[in-house]
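**Q** here is a sequence together with a model predicted from it:
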Amino acid sequence: MGIMSVPSTTPRPVAANSVWPRLEPLLPQVTKPIQYVGGELGAVVKDWAAATVRWALMYPDAYEVGLPNQGVQILYEVLNELPDVLAERTYAVWPDLEKLMRAHGVPQFTVDAHRPVRDFDLFGVSFATELGYTNLLTAIDLAGIPLLAADRTDADPVIVAGGHAAFNPEPIADFIDAAVLGDGEEAVLEITTIVREWKAEGRPGGRDELLLRLARTESVYVPRFYDVDYLPDGRIQRVVPNRADVPFRVHKRTTMDLDAWPYPRKPLVPLAETVHERYAVEIFRGCTRGCRFCQAGMITRPVRERSITTVGQMVQQGLEFSGFHEVGLLSLSSADHSEIGDMCSGLAEQYQGTNVSLSLPSTRVDAFNIELAQELSRNGRRTGLTFAPEGGSERIRRVINKMVSKDDLIRTVVTAYTNGWRQVKLYFMCGLPTETDADVLEIADMAHEVIKAGRAATGSKDIRCTVSIGGFVPKPHTPFQWAAMERPEVIDGRLKLLKQAINADRSLGRAIGFRYHDGEPSLIEGLLSRGDRRVGAVIRRVWENGGRFDGWSEHFSYQRWVDAAAETLPAFGVDLDWYTTRERDELEVLPWDHLDSGLDKDWLWQDWQDALSEYEQDDCRWTPCFDCGVCPAMDTEIQIGPTGRKLLPLTPVNGLKLPTGAQQ
Ligand code: SF4
């Protein structure tokens with residue numbers, strides 16, 4: 001598990017409004033009941049009556065995926081540090097418990113004090129992926145909150161969406177009351193202040209006035225205050241405010257000084273098994289490498305680095321608090337931190353001889369990445385190496401602006417093999433704009449050459465690589481927001497050819513693992529990513545027909561989505577293809593055009609044209625600004641070191657030194 005201490009099993013007092021007495025008898029009948037129990041190290045239960053503003057925070061997936069989510073953990077801690085504010089967590093319940101909760105009248109509850117979500121002032125939901133939308137509907141419905149925002153009263157919480165998917169919340173506009181774009185740390189405090197004041201004033205004007213006050217901040221989007229007009233051909237004509245005092249465009253929030261927000265300080269230590277059991281520190285936010293498919297890179301600009309000193313302190317305090325054995329130094333491209341060399345060697349030295357393992361998500365295809373990985377594995381534990389060329393041919397890599405040559409990749413992977421790694425993972429995408437079968441088949445050549453070169457360099461047959469393929473989904477606020485998606489059957493055909501090509505040479509094919517997802521979930525993710533308000537009818541129909549946990553292949557039903565789209569969209573004169581496999585033109589009003597990520601739409605269009613001309617764009621960290629628009633629009637600038645500061649001389653954390661033989 002990677003955990004050294006477990007929380008006390010002393011019974012906790014049951015809160016006055018707790019559903020625990022009704023929930024507890026149901027738990028022996030469900031899978032993994034421990035996930036609903038709460039009381040983790042790092043969890044907080046505060047006095048309900050003493051709180052003036054109460055937040056329920058949700059990551060709309062199962063506990064095992066939701067608990068490690070950094071966004072929720074940070075907001076949970078930031079909010080609970082305020083003496084008069086209370087924040088609790090809730091996760092999606094599995095269908096077995098949902099069924100029992102419905103049968104026994106148990107509402108959606110928080111895991112901290114098992115309070116009904118409907119009792120809170122605010123219900124914040126963080127979406128990393130649009131495939132969580134059906135889980136949002138389950139939670140709202142189980143909570144006893146009207147599904148449609150328009151039907152809610154002053155007695156219902158204000159439902160606020162956040163996370164990357166909130167940059168186009170239009171498909172869920174009917175179900176949420178508000179959305180926040182960008183960094184949440186300061187935004188939740190601002191929202192809290194507005195709610196606190198409105199309540200203290202005796203809730204003047206009811207829910208409508210509260211939402212209006214939020215909308216007037218210009219960084220909270222309240223869909224009900226905007227009308228969408230459509231053209232006869234189904235495209236959007238315009239999105240305009242229907243109230244005089246709400247802004248035409250809603251702007252994203254950007255937290256500039258990450259050192260001032262060193263969260264999470266008290267990471268949650270899961271009780272049940274979760275996807276990550278480690279202390280994760282975000283070493284910088286934003287990315288200007290300019291990969292054209294990458295929504296995260298685009299919407300989190302500009303680059304803001306956390307200083308080496310703060311990272312060192314966070315690691316020490318986070319480990320001391322949690323007892324985790326693993327530290328992840330996270331960001332969109334961690335090897336690009338201007339002080340990453342010093343940071344890795346400083347931390348490696350600090351924790352040498354302890355049982356702490358350090359890791360860096362490795363996607364940069366160069367030898368420096370291997371040097372860092374080697375430095376971090378001084379303690380003897382080697383994490384896997386993943387390189388992400390993303391595109392199979394040099395041509396397609398120019399289209400997506402991923403500047404990696406085949407020679408670079410082979411040289412890098414061979415360096416990894418000669419430095420003792422026996423296995424590397426190569427990550428690619430399929431279905432990219434302008435892609436042909438030939439582009440994808442080059443992945444097989446590359447994998448074969450990697451194995452041949454690795455065997456030649458090491459003299460060993462004991463080396464492997466795994467080729468992992470994800471489906472491309474065009475995302476809002478990226479240069480590919482105008483692109484047509486490829487049909488699932490074409491993607492599946494290409495992947496079949498690739499598999500045959502990899503295995504065409506048995507002696508090489510045996511050393512290559514092949515993992516891929518079929519094209520169908522990507523198409524649905526594409527519908528939800530670039531959808532408008534009319535897609536809400538599809539989401540609702542899928543949910544009514546049993547759609548749950550759509551991010552899980554065992555629960556996802558492509559046919560359910562196709563059927564729901566066929567039943568609901570023709571009434572609007574559009575269909576599934578219209579949203580997915582149709583290329584948009586320059587003048588089309590996109591559903592998210594009134595939501596400002598800071599990126600200039602003309603620049604995005606030019607970058608899309610550059611993609612089609614296979615023209616590469618440099619990284620503005622090392623070259624002059626290329627006017628993407630973010631810095632002037634947000635009144636910000638890129639913030640990179642070197643700070644000149646080194647890791648503080650940290651003393652080894654108590655209890656982390658274990659005899660060598662006890663190291664995991
Ligand atoms: S405005 Fe210029 S410096 Fe700022 S992120 Fe965009 S390209 Fe980089």
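**A** Received the coordinates, thanks. Numbering: from 1, shown residues only.

**Q** from Ala611, how far out is the residue nearest to Ala128 when sequence neighbours are not counted?
**A** Once flanking residues are discounted, Ala128 sits nearest to Gly163: 5.5 Å by CB to CB, 6 or more residues apart in numbering. C-beta coordinates here come from the backbone N, C-alpha and C atoms, glycine included. As judged by CB to CB, to the nearest Å, Gly163 and Ala611 stand 26 Å apart.

**Q** from what I see, Val220 and Ala178 are in contact.
**A** Yes: counting by CB atoms under 8 Å, Ala178 is a contact partner of Val220 at 5.2 Å.

**Q** intersection of neighbour lists for the two?
**A** Contact criterion CB atoms under 8 Å, 6 or more residues apart in numbering; residues shared by Val220 and Ala178: 160, 214.

**Q** residue contacts, the closest residue to Arg243 other than its chain neighbours?
**A** Nearest residue to Arg243, sequence neighbours excluded (CB to CB, 6+ apart): Phe225, at 4.9 Å. By CB under 8 Å, 6+ apart, the contact set of Phe225 is 211-212, 215, 241-243, 246.

**Q** which of these fall within helices?
**A** Secondary structure from DSSP state H places 211-212, 215 of these in helices.

**Q** turn those residues into JSON lines, columns for neighbour count.
**A** Shown next, in JSON lines, are these (neighbours: other CB atoms under 10 Å):
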{"residue": "Leu211", "neighbour count": "23"}
{"residue": "Leu212", "neighbour count": "16"}
{"residue": "Ala215", "neighbour count": "23"}
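
**Q** and of these, the nearest to the ligand?
**A** When the ones in helices among the contacts of Phe225 are compared for distance to the ligand (CB to the nearest ligand atom), Ala215 wins out at 27.1 Å.

**Q** so the closest one makes contact with Tyr221?
**A** Yes: contact status for Ala215 versus Tyr221: in contact at 7.5 Å, counting by CB under 8 Å.

**Q** nearest to the ligand: which residue in the stretch 101-250 of the chain?
**A** Distance from the ligand to each residue of the stretch 101-250 of the chain (CB to the nearest ligand atom) is smallest for Gly182, at 14.2 Å.

**Q** so what's the residue count around the residue lying closest to that residue once chain neighbours are set aside?
**A** Ranked by CB to CB, 6+ apart and with sequence neighbours excluded, the top spatial neighbour of Gly182 is Lys252, at 3.3 Å. The number of residues packed near Lys252 is 24, by other CB atoms under 10 Å.

**Q** just the pLDDT for Lys252.
**A** We have a pLDDT of 95 for Lys252.

**Q** so who does the spatially closest residue to Gly66 that is not a sequence neighbour touch?
**A** Nearest non-adjacent residue to Gly66, counting by CB to CB, 6+ apart: Tyr59, 3.5 Å away. Going by CB under 8 Å, 6+ apart, Tyr59 touches 65-67, 69, 71-72, 89, 91, 125-126, 128.

**Q** export those residues to CSV and tack on secondary structure?
**A** Listed next are those as CSV, based on DSSP: H, G, I helix; E, B strand; the rest coil:
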residue, secondary structure
Val65, helix
Gly66, helix
Leu67, coil
Asn69, coil
Gly71, helix
Val72, helix
Arg89, strand
Tyr91, strand
Val125, strand
Ser126, strand
Ala128, coil
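
**Q** which of those residues are buried?
**A** 65-67, 69, 71-72, 89, 91, 125-126, 128 (16 or more other CB atoms under 10 Å).

**Q** picking up where we left off before, for Leu214, see how far away the residue nearest to Ala128 is.
**A** Using CB to CB, we find Gly163 at a distance of 18 Å from Leu214.

**Q** can you check Gly536 too?
**A** Separation of Gly536 from Leu214 (CB to CB): 21 Å.

**Q** neighbour count for the two, which is higher?
**A** Leu214 (24 against 21).

**Q** distance check, that one against Leu86.
**A** According to CB to CB, Leu214 and Leu86 sit 19 Å apart.

**Q** how about the residues of the stretch 501-650 of the chain by the ligand?
**A** 620, 625-631, 638 (CB under 6 Å from any ligand atom).

**Q** quick check: of those, which lies closest to Gln352?
**A** The closest of these to Gln352 turns out to be Ile638 (CB to CB; 33.3 Å).

**Q** quick check, the closest one in contact with Arg621.
**A** Yes: using CB under 8 Å, Ile638 is in contact with Arg621, at 6.3 Å.

**Q** okay, and the common contacts of those two?
**A** Shared contacts of Ile638 and Arg621, defined by CB under 8 Å, 6+ apart, are found at 288, 303.

**Q** separation between the residue in the stretch 151-300 of the chain that the ligand sits nearest to and Gln617?
**A** Nearest residue of the stretch 151-300 of the chain to the ligand (CB to the nearest ligand atom) works out as Thr288 at 5.0 Å. According to CB to CB, Thr288 and Gln617 sit 10 Å apart.

**Q** and if you look at Thr458?
**A** Where Gln617 is concerned, Thr458 sits at a distance of 37 Å (CB to CB).

**Q** the two: who's more crowded?
**A** In this view Thr458 and Gln617 are compared by other CB under 10 Å, and Gln617 has more residues nearby, 21 against 16.

**Q** hang on, that one packs against Gly290?
**A** Yes: applying CB under 8 Å, one finds Gln617 in contact with Gly290, separated by 4.8 Å.

**Q** what touches both of the two?
**A** 401, 607.

**Q** residue boundaries of the helices in the stretch 51-200 of the chain?
**A** 63-66, 70-80, 95-104, 133-143, 185-200 (DSSP state H, counting those that start in this stretch).

**Q** quick one: closest of the ones you listed to Thr383.
**A** Ranking the helices of the stretch 51-200 of the chain by proximity to Thr383 (CB to CB) places helix 70-80 first, at 18.5 Å.

**Q** neighbours of Trp198, how many?
**A** Trp198: 20 neighbours (other CB under 10 Å).

**Q** okay, it: pLDDT?
**A** 98.

**Q** ok, the spatially closest residue to it that is not a sequence neighbour to Arg152 distance?
**A** Of all residues not flanking Trp198 in the chain, Leu210 sits nearest, at 5.0 Å (CB to CB, 6+ apart). For Leu210, the distance to Arg152 equals 11 Å [CB to CB].

**Q** now do His594
**A** Counting by CB to CB, the gap from His594 to Arg152 is 23 Å.

**Q** now Gln70
**A** In this view, Gln70 and Arg152 are 29 Å apart by CB to CB.

**Q** Glu98 now?
**A** The gap separating Glu98 from Arg152 is 22 Å, by CB to CB.
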